[in-house]
Structures are given as C-alpha cells and as structure tokens.
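1. sequence first, then the predicted structure:
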Amino acid sequence: MAVFSKACFFVTLFLLQINFVFADSFRCNNKLVLEGDTTVEVRLKCGEPFAIEDLGKAKVNNTFVEITRYTYLPKTGKLIKTLEFQSGKLVSITSGPRVE
C-alpha cells in the first residue's frame, strides 16, 4: 500500500510539472511558442497575426520598453491568443474566448 501511495504521489508531481513547463506557451502550426521568443521567431512559427497593436512605451525596471500586442485567431473551437512583447521579446501569453 505504501508503494502505491508513493507511486501516485510521484505521478501527480510529474503531471503538475508538465503543466508548469507549458503554462506560458501555446502551439501554433505544430510549433511551440514560448515566453522569451522574439517577434521574428513568433512570426516564423505562426505567420502574420490577425492584429498588431503598438501600445507605446512603458517603464519596466527603470527602463522604457516598447509594448506590442499580437492577436492570433485560431480555427473554430479554439481560444484566441494574445501575445504581449516588450522591446521585441514575448513576455505574456493570454487566452481569450473561443472562436465560434
């Protein structure tokens, strides 16, 4: 019984670790887009976004950075993805509503 409990514990930890690894990523054209990717890398993986918003500059850690937002519209039934870049580097991936 103790061996079974330990095995379940380690399997649960492994599954949680997988979720943390891919929490800030998404698949695009069978390629993985990750935080830290550049705008060029994302476009090579996903193609042109549906919308590009230049949001101007913001002060982050005492440095001004350019904020850009890409929006990707997936196929029906999938979630809209919004990617935010700071000075050309992906810092956030947000899932929006499903495309109907």
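-> Yes, it's here.
2. okay, CA-based contacts and neighbour counts for the rest of this
-> Fine.
3. buried sites along stretch 31-42?
-> Within stretch 31-42, the residues that qualify as buried by neighbour count (16 or more other CA atoms under 10 Å) are 33-39, 42.
4. and of those residues, the nearest to Lys57?
-> Thr39 (16.5 Å; CA to CA).
5. strands along this protein, start to end?
-> Secondary structure of the chain by DSSP state E: the strands cover 25-28, 31-34, 51-60, 63-72, 79-86, 89-98.
6. among these, which is the most enclosed?
-> Highest mean neighbour count among the strands of the chain (mean count of other CA atoms under 10 Å): strand 79-86, with a mean of 20.
7. tell me the angle it makes with strand 63-72.
-> Relative orientation of strand 79-86 and strand 63-72, computed by axes from the mean of the first three to the mean of the last three CA atoms, to 10 degrees: 160 degrees.
8. so what touches strand 79-86?
-> The contact list for strand 79-86, computed with CA atoms under 8 Å, 6 or more residues apart in numbering, reads 38-39, 65-74, 90-99.
9. low-confidence ranges, this protein, go.
-> Residues of the chain meeting the criterion pLDDT under 70: 1-23.
10. rerun that using 90 as the cut-off
-> In the predicted model of the chain, residues 1-29, 60, 74-78, 99-100 satisfy pLDDT under 90.
11. quick one, what contacts the nearest residue to Lys59 once chain neighbours are set aside?
-> Closest residue to Lys59 apart from its sequence neighbours, by CA to CA, 6 or more residues apart in numbering: Val65 at 6.3 Å. Shown in contact with Val65 (CA under 8 Å, 6+ apart): 57-59, 86-87.
12. would you reformat these as TSV and include distance to Phe26?
-> As requested, those are arranged in TSV below (distance: CA to CA, whole Å):
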residue	distance to Phe26
Lys57	26
Ala58	26
Lys59	27
Gln86	18
Ser87	21
